[in-house]
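> no sequence for this one, just the structure:
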Ligand code: DI6
Ligand code: FE
């Protein structure tokens, strides 16, 4: 019997606990209780220690399903403007790489971010974050990487933190200055990497950096440059992750694994050796089906090899203005099922349990007493529907730390 009343208790829905290594961990006619932002009961209604009204200040009777809050472990959510015009060019035949080499692509977003002050950047980014929250996200990773100078990278990271504060969600920030070569360093990529490494300690000291990432690709940075970025991260005790093997196999996954990386992301072109290195290092494969879809890619990540080797697969939106203007993690789950043939259960684990691991977080991602009270109450009969429906409004209530943060009422 609880000595102190719980803050909230929902009784009746099916709990999708994701307990254990496989299966949904379903509990029919469940009860979910929380206090001080932490789950205190995630089990059957019949296992409650007393009558609901005696346990909690607020008791809600409900149907539907409750899952852990979704965790979007790879986004470039903070940016200014958009690149719809490039999308049109690509549909007329130009490739992503051609546009990037001609000074468009990431660099066009860099120009827009450099021209935006902090409040403007926040105002442009908040609606995107609200959309992700409305469809179930309670934790977001947000990268820098469209500033590419000290002040602009710092501004992006500060805006990322402010997004979290404004919406009551957890935001993990990732330093991605090694995203593209800014024009003032044209022909001097090694000098730019020196500069980007030089900015990191001050940003870290300000509490703006939770992890470090790089874009290892023939149109971005080579393995030696990536390695230098990782060494700088390691010297500060920061974890690393990597945009690896998205457009070509550059050995990125193995490099991320060598540094004990939290994750290697995209990984469409990752080799068998890369998969083995990730398995040995415990590095998560972050699948980004939105970018695959929008770029009309055909090369699938080595999904069976990941499964066989026991590499956990996360799913994220990659929300960005160039390759993945995607504002729903549930939609990313659907794309992962359709394009990558993940099962709906794998997609849900990918957006919860494995996404938490890709961010180095062990206090969320399942429904279990002691974990954060981050959860979503869905208008669905079975969790497979989360990987099934395209669009629509399925989230009835999104809770972070026990507080209802979305979605806004339908109008
Ligand atoms: N890979 C991606 O998919 C994004 N960044 C990256 O390194 C795309 C970023 C963009 O095109 O703006
Ligand atoms: Fe990305």
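Thanks, I have the structure now. As the structure is a prediction and not an experimental result, all values here were calculated from the model. Numbering: from 1, shown residues only. Ligands and ions are numbered 1, 2, ... in the order given.
> which residues of this structure lie near ligand 1?
76, 105-106, 109, 179, 215, 243, 246, 291, 318, 320-323 (C-beta under 6 Å from any ligand atom). C-beta here means a position set from N, CA and C on the backbone, and glycine is covered the same way.
> switch to 8 Å and redo it
Contact residues, the chain versus ligand 1 (C-beta under 8 Å from any ligand atom): 76, 79, 83, 96, 100, 105-106, 109, 145-146, 176, 179-180, 215, 217, 220, 243, 246, 266, 288, 291, 318, 320-324.
> filter those residues down to the ones in helices?
96, 100, 106, 109, 291 (DSSP state H).
> so the third one touches residue 323, yeah?
No. Judged on C-beta atoms under 8 Å, residue 106 makes no contact with residue 323 at a distance of 9.6 Å.
> next, count neighbours for whichever residue of the stretch 251-400 of the chain sits closest to ligand 1.
Taking C-beta to the nearest ligand atom, ligand 1 has its nearest neighbour within the stretch 251-400 of the chain at residue 322, 2.2 Å off. Neighbour count of residue 322, defined by other C-beta atoms under 10 Å: 25.
> nearest spatial neighbour of it, skipping sequence neighbours?
Leaving aside its chain neighbours, residue 322 sits nearest to residue 83 (5.3 Å; criterion: C-beta to C-beta, 6 or more residues apart in numbering).
> from residue 234, how far out is the one you found?
In this view, residue 83 and residue 234 are 34 Å apart by C-beta to C-beta, to the nearest Å.
> the more surrounded of the two?
Remark: of residue 83 and residue 234, residue 83 carries more neighbours, 22 against 14, as counted by other C-beta under 10 Å.
> OK, contacts around that one?
Residue 83 is in contact with 104-105, 108-109, 321-322, 325, counting by C-beta atoms under 8 Å, 6 or more residues apart in numbering.
> can you rerun that using 7 Å?
Residue 83 is in contact with 108-109, 321-322, counting by C-beta atoms under 7 Å, 6 or more residues apart in numbering.
> touching, residue 24 and residue 384? I think so.
No. Counting by C-beta atoms under 7 Å, residue 24 does not reach residue 384; the two are 8.7 Å apart.
> tell me how far residue 119 lies from ligand 1.
The gap separating residue 119 from ligand 1 is 22 Å, by C-beta to the nearest ligand atom, to the nearest Å.
> quick check, that residue in a strand?
No. Read with DSSP: H, G, I helix; E, B strand; the rest coil, residue 119 is helix and lies in no strand.
> next up, the contacts around it.
Residue 119 neighbours (C-beta under 7 Å, 6+ apart): none.
> in terms of pLDDT, where does it sit?
The confidence metric pLDDT takes the value 98 at residue 119.
> next: the one 5 residues further on.
Reading off the per-residue confidence, residue 124 sits at a pLDDT of 98.
> make residue 1 into 410 and carry on from there
In the new count, where the first residue is 410, that last one comes out as residue 533.
> for whichever strand or helix holds it, buried residues please.
Here residue 533 is covered by helix 527-543, with elements defined by DSSP states H and E. In terms of neighbour count (16 or more other C-beta atoms under 10 Å), helix 527-543 has its buried residues at 530-531, 533-535, 537-543.
> what of stretch 460-480?
461, 464-465, 468, 471, 473-480.
> from the residues you listed, which single one is nearest residue 563?
Distance to residue 563 across those (C-beta to C-beta) is lowest for residue 480, with 25.2 Å.
> tell me the secondary structure for the closest one?
strand.
> cool, residue 705 as well?
On the three-state scheme (three-state DSSP), residue 705 is labelled coil.
> helices and strands around the helix or strand of the chain with the lowest mean pLDDT, which ones?
The weakest-scoring helix or strand in the chain, judged by mean pLDDT, DSSP states H and E, is helix 505-510 (a mean of 90). Contact partners of helix 505-510 among helices and strands, from 3 or more C-beta pairs under 7 Å, 6 or more residues apart in numbering; DSSP states H and E: helix 493-500.
> let's see it at 10 Å
Packing contacts for helix 505-510, counted by 3 or more C-beta pairs under 10 Å, 6 or more residues apart in numbering; DSSP states H and E, involve helix 493-500, helix 515-524.
> give the buried residues for the last one.
Neighbour-count burial for helix 515-524, counted by 16+ other C-beta under 10 Å, picks out 515-523.
> please apply the same query to stretch 655-662.
By neighbour count with 16+ other C-beta under 10 Å, stretch 655-662 contains the buried residues 655-656, 658-662.
> starting at the chain centroid, how far to that stretch?
20 Å (C-alpha atoms, centre = their mean, to the nearest Å).
> repeat that for stretch 699-709.
Taking C-alpha atoms, centre = their mean, one finds stretch 699-709 lying 18 Å from the centre of the chain it belongs to.
> same thing with stretch 457-477?
Computed by C-alpha atoms, centre = their mean, the chain-centroid distance of stretch 457-477 equals 29 Å.
> ok, now stretch 600-608?
Worked out by C-alpha atoms, centre = their mean, stretch 600-608 lies 26 Å from the chain centre.
> what do you get for stretch 572-580?
Its chain's C-alpha centre and that of stretch 572-580 lie 14 Å apart, by C-alpha atoms, centre = their mean.
> over to stretch 429-442?
Distance, centroid of stretch 429-442 to centroid of chain: 23 Å (C-alpha atoms, centre = their mean).
> having no further points to raise, I will conclude here.
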